[in-house]
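*Asks:* Compute the structure for the input listed below.
(one chain, ligands or ions: 2)
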Amino acid sequence: MGPATALGRLVAINFGGRDHRFRVVGAGHGCQPSALTAFLRKVMMINGFQHFSGCLDGAAQVALLADVRRVIAAAPLYTPTMPRSGKPLSVRMTNCGLLGWMTDAAGGYRYQAYHPVTGAPWPPIPGALVRLWQRVAPDAPPAEACLINYYGPDARMGSHVDADETDRTAPVVSISLGDDAIFHVGGLARSDAKVRVVLRSGDVAVLGGNARRAYHGIDKVVVGTSALLAEGGRFNLTLRRVTRSQSD
Ligand SMILES: O=C(O)CCC(=O)C(=O)O
Ligand SMILES: [Mn+2]
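*Replies:* Ligands and ions are numbered 1, 2, ... in the order given. From the prediction side, this is the model:
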């Protein structure tokens, strides 16, 4: 457990132009929920957001990175493009799972079962991620998609809601590997105030409850803050349920 997760530690969260100080309390899943979790609930009335800082230890991060490299060997990173305009996104992407999220000028935002360049089905979701999903989303049906975003030094992700899933009752589970990223999460309207926190390598964030419909994004990656990736930068993995399960 890194220093960021120490129980009892006071953490400052900047919101509305001033710092709010929160104490890190409680424990869950062998990971500590960070102060952001409590802040969102108490101050912004956003429920169902959980931030577990330092959830994956160093060895687990190395093992998961090897899984990500194997996925990329079978399903190479590509540059997605915006619907209609065809403007490239700053992140590079790939997926594993039965379905993968993608976007391009012709088809827009969607899930599809095959890689847009190779035409091959996406590789399966690695076992460690399947187990993580079961641990943090025990009531949800199995994850069908794992979107892998690679952020180089200038990549970011604008504020958005994950809304292309038919089943939006299951949470989105996010795992960070590599350099720190400044993550923002706001409310259900784009204009709502946003909280910013650093997502570090090994952090897990869960967007469930009404946070499943909250605006969020990545302002920037802080270059050189992690030695995990030889090439630098950051991977973010998001596990998603896409379709409604038969039992619903
Ligand atoms: O990179 C992140 O931490 C967030 C990624 C994200 O929101 C997404 O892929 O939809
Ligand atoms: Mn998202």
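*Asks:* got the contact list for the longest helix seen in the chain?
*Replies:* Longest helix in the chain by number of residues, with DSSP state H as the criterion: helix 58-74. Outside helix 58-74, the residues that touch it by C-beta atoms under 8 Å, 6 or more residues apart in numbering are 56, 94, 96, 120, 123, 126, 128-129, 148, 175, 177, 201-202, 228-229, 235, 237. Where you see a C-beta, it was placed from the backbone N, CA and C, and this is true even at glycine.
*Asks:* same question, stretch 106-119
*Replies:* Contacts to stretch 106-119, defined as C-beta under 8 Å, 6+ apart, come from residues 75-76, 78, 83-84, 94-95, 98-104, 120-122, 145, 164-165, 242.
*Asks:* Buried ones only from the residues you listed, please, as a PyMOL command.
*Replies:* Provided next is the PyMOL selection string for whichever of the contacts of stretch 106-119 are buried by 16 or more other C-beta atoms under 10 Å:
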select buried, resi 75+94+95+98+99+100+101+102+103+104+121+122+145+164+165+242
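*Asks:* Quick check: strands, which of the contacts of stretch 106-119 are part of them?
*Replies:* 94-95, 100-102, 145 (DSSP state E).
*Asks:* Return the set of residues that bridge with the residue most central in space within the chain.
*Replies:* Centroid-nearest residue in the chain: Ser174, 2.8 Å away (criterion: C-alpha atoms, centre = their mean). Taking DSSP bridges as the rule, Ser174 bridges to Ala205, Thr238.
*Asks:* quick one: contacts for it?
*Replies:* 199, 204-207, 236-239.
*Asks:* Including distance to ligand 1 and neighbour count, could the residues you listed go into CSV?
*Replies:* CSV is the format used below for the contacts of Ser174 (distance: C-beta to the nearest ligand atom, whole Å; neighbours: other C-beta atoms under 10 Å):
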residue, distance to ligand 1, neighbour count
Leu199, 6, 24
Val204, 11, 23
Ala205, 7, 28
Val206, 12, 22
Leu207, 8, 24
Asn236, 3, 23
Leu237, 9, 24
Thr238, 5, 19
Leu239, 11, 28
